[in-house]
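> turn this into a structure:
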Amino acid sequence: MMNASSPKKSEHVSTYNTLPDHVIEEHILTRLAVKPLLRFKCVSSGWLSMISSTKFAKKHFELWFPSHDQNLIVQEDRETEEEDKYLLSFDENYNLNEYTKLMNKYPTVRFNTLNTRVVGSCNGLLCVYNQDIMRMYVWNPVTNHCRDIFVPMARGKWDDYQLRCIGFGYVSSIDDYKIGCLMVHNKTLIILVFSLKTGFWIQKPKIDLYYELLLTFEYENPAFVGDTLYWIPQHLNEDENYIIGLDLVEEDMVIIPLFGRIPGDWVIAKLFRMEGCLALCLIQNYTDNEKSICHVWKMKEHGDEEDRVSWQKVLSLNYIGTDFNYLFETGKCLVSQLSYQSHRLILHELSKVSSSKPEQEQEQERQKPPDEGTIVWESVDRGSLFNYFLGGTFGYSESLISPLGENED
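Residues are numbered from 1 along each chain as shown. Below is the predicted model of the structure:
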């Protein structure tokens with residue numbers, strides 16, 4: 001029998017201090033990749049609530065994105081019954097370390113990905129469009145959150161409506177993600193803008209003049225800069241050429257005439273965002289020696305002045321390649337080089353333009369030896385990657401941002 005006066009066994013007292021939740025959140029969790037964070041939701045109800053919050057998703061993306069923006073999503077430009085979207089992931093030195101089908105990387109049952117195409121990418125969200133059923137999806141591939149959106153139409157047949165331009169972007173001043181569309185119906189141009197915050201479309205018919213202009217545009221890839229979506233016809237004519245913009249704040253069109261007369265041998269035009277500005281790439285192809293020249297022009301806005309917009313030529317590249325694929329924010333670019341033996345993806349660094357006179361500069365560029373660049377991917381399968389760049393290329397970065405508003409599971 002135990003003596004009542006016997007000393008009790010001493011209890012173990014932990015000498016470790018627990019870090020405060022705000023320190024764990026601000027200095028540890030916000031600096032982790034997305035996939036570990038999704039697993040850490042299971043740690044406790046407190047961590048689930050914290051990691052699922054919109055505040056945490058925004059903070060995490062602000063810290064994570066600047067150094068992890070070298071992912072691209074590419075897709076074919078032709079109809080296919082198979083998966084036609086691929087993810088390309090580059091390391092900090094732009095070496096290709098992953099090339100895989102998008103659905104293998106991010107499988108989803110939220111919607112049928114066949115017969116769809118990516119029309120926009122922003123802050124880890126993809127805007128995907130199914131033309132057959134006039135339906136859009138705003139989808140976070142890594143969390144698999146998806147917003148299902150119907151395109152509004154008046155009474156009539158679907159064939160009577162044509163979506164010529166589609167884009168997607170985030171308007172920071174009002175903390176809202178918006179889809180912007182330019183639709184043609186009965187020779188009338190209709191502006192469509194969908195707000196993820198309100199869940200509603202706005203519709204604005206425009207005059208017939210814009211309808212004629214929009215007929216030169218068809219499924220062009222947008223560039224989103226300064227709250228505005230921009231599109232340009234891929235092939236320019238020798239007369240007047242215009243960039244069409246859709247201001248997602250004012251929800252109205254912006255028409256920007258291009259500088260002067262475009263020479264006939266500048267056959268391809270593409271728009272990108274570079275260093276926070278709208279960048280116009282004009283690509284000139286020479287069939288005699290397979291050489292191409294790309295000049296990059298940066299747009300500058302001048303407030304309320306009469307000439308609100310000016311263009312400055314900033315970069316150029318003399319290269320051998322089949323297609324100018326993508327211009328990164330940093331000024332680096334990807335070019336496809338296709339031959340009978342193989343297909344290569346080559347990384348180039350564009351050079352600053354010289355101070356030569358314009359008429360002298362074009363001939364000087366043509367005489368220069370082409371930049372060799374760095375091969376980041378090569379395959380003996382001739383068509384394996386080339387076709388996908390033709391259907392559009394979008395930058396992509398994983399995030400916790402939800403298209404449903406406050407992040408949900």
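
> tell me how far the residue lying closest to Pro369 once chain neighbours are set aside lies from Ser397.
Nearest residue to Pro369, sequence neighbours excluded (C-beta to C-beta, 6 or more residues apart in numbering): Asn318, at 7.4 Å. No exception for glycine: its C-beta is placed from N, CA and C like everyone else's. Distance, Asn318 to Ser397, by C-beta to C-beta, to the nearest Å: 31 Å.

> ditto for Ile179
For Ile179, the distance to Ser397 equals 19 Å [C-beta to C-beta].

> Ala269 now?
Ala269 sits 26 Å away from Ser397, going by C-beta to C-beta.

> for Glu378, same thing?
Distance from Glu378 to Ser397, by C-beta to C-beta: 26 Å.

> over to Asn115?
On the measure of C-beta to C-beta, Asn115 and Ser397 end up 26 Å apart.

> what are the buried residues along stretch 332-342?
332-338 (16 or more other C-beta atoms under 10 Å).

> now for those: which two are most distant?
Spanning the widest gap among the buried residues of stretch 332-342 are Lys332 and Leu338, at 20.4 Å by C-beta to C-beta.

> before we move on, the earlier item: shouldn't the residue nearest to Pro369 be in contact with Leu350?
No: counting by C-beta atoms under 8 Å, Asn318 does not reach Leu350; the two are 9.9 Å apart.

> which residue of these two possesses the greater neighbour count?
More crowded of Asn318 and Leu350, by other C-beta atoms under 10 Å: Leu350, with 23 against 20.

> pretty sure Leu29 contacts Ser53?
No: under the criterion of C-beta under 8 Å, Leu29 makes no contact with Ser53, lying 11.4 Å away.

> which of those two has more neighbours?
The residue with more neighbours, out of Leu29 and Ser53, is Leu29; 19 against 16, by other C-beta under 10 Å.

> how close does that one get to Ala57?
Separation of Leu29 from Ala57 (C-beta to C-beta) stands at 11 Å.

> cool, Phe168 as well?
According to C-beta to C-beta, Phe168 stands 17 Å off from Ala57.

> neighbour count winner among those two?
Legend: neighbour count by other C-beta under 10 Å for Phe168 and Ala57, higher for Phe168 (29 against 24).

> what helix or strand is that one located in?
strand 161-171 (DSSP states H and E).

> same question, Cys181
Secondary structure (DSSP H and E) places Cys181 in strand 176-185.

> show me what contacts the residue lying closest to Lys352 once chain neighbours are set aside?
Distance criterion C-beta to C-beta, 6+ apart; nearest residue to Lys352, sequence neighbours excluded, is Leu315 at 6.3 Å. Counting by C-beta atoms under 8 Å, 6 or more residues apart in numbering, Leu315 makes contact with 295-296, 331, 350-353.

> which secondary structure state does Leu315 sit in?
Assigned with DSSP: H, G, I helix; E, B strand; the rest coil, Leu315 falls in the strand class.

> quick one: it from Ala223, how far?
16 Å.

> again with Cys42
Cys42 is 40 Å from Ala223, where distance means C-beta to C-beta.

> comparing these two, which shows the higher neighbour count?
Neighbours per residue (other C-beta under 10 Å) separate Cys42 from Ala223, with Ala223 holding more: 24 against 8.

> distance check, that one against Ile73.
Here Ala223 is placed at a distance of 15 Å from Ile73 (C-beta to C-beta).

> same check, this time on Gly331
Separation of Gly331 from Ile73 (C-beta to C-beta) stands at 21 Å.

> this protein: helices as residue ranges?
Taking DSSP state H as the criterion, the chain contains helices spanning 21-27, 34-40, 45-52, 54-64, 102-105, 208-214, 358-367, 386-389.

> and the third one, what other elements does it pack with?
Under the contact criterion of 3 or more C-beta pairs under 8 Å, 6 or more residues apart in numbering; DSSP states H and E, helix 45-52 touches helix 21-27, helix 34-40.

> let me see the mean pLDDT of that helix.
Mean pLDDT, computed over helix 45-52, is 88.

> and what of the second one?
Per-region confidence: helix 34-40 scores 90 on mean pLDDT.

> counting by contacts, list what that helix packs against.
Applying 3+ C-beta pairs under 8 Å, 6+ apart, we find helix 34-40 packed against helix 45-52, helix 54-64.

> need these in CSV (columns: distance to Ala279).
Below are the helices and strands packed on helix 34-40 laid out as CSV (distance: least, C-beta to C-beta, whole Å):
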stretch, distance to Ala279
helix 45-52, 36
helix 54-64, 23
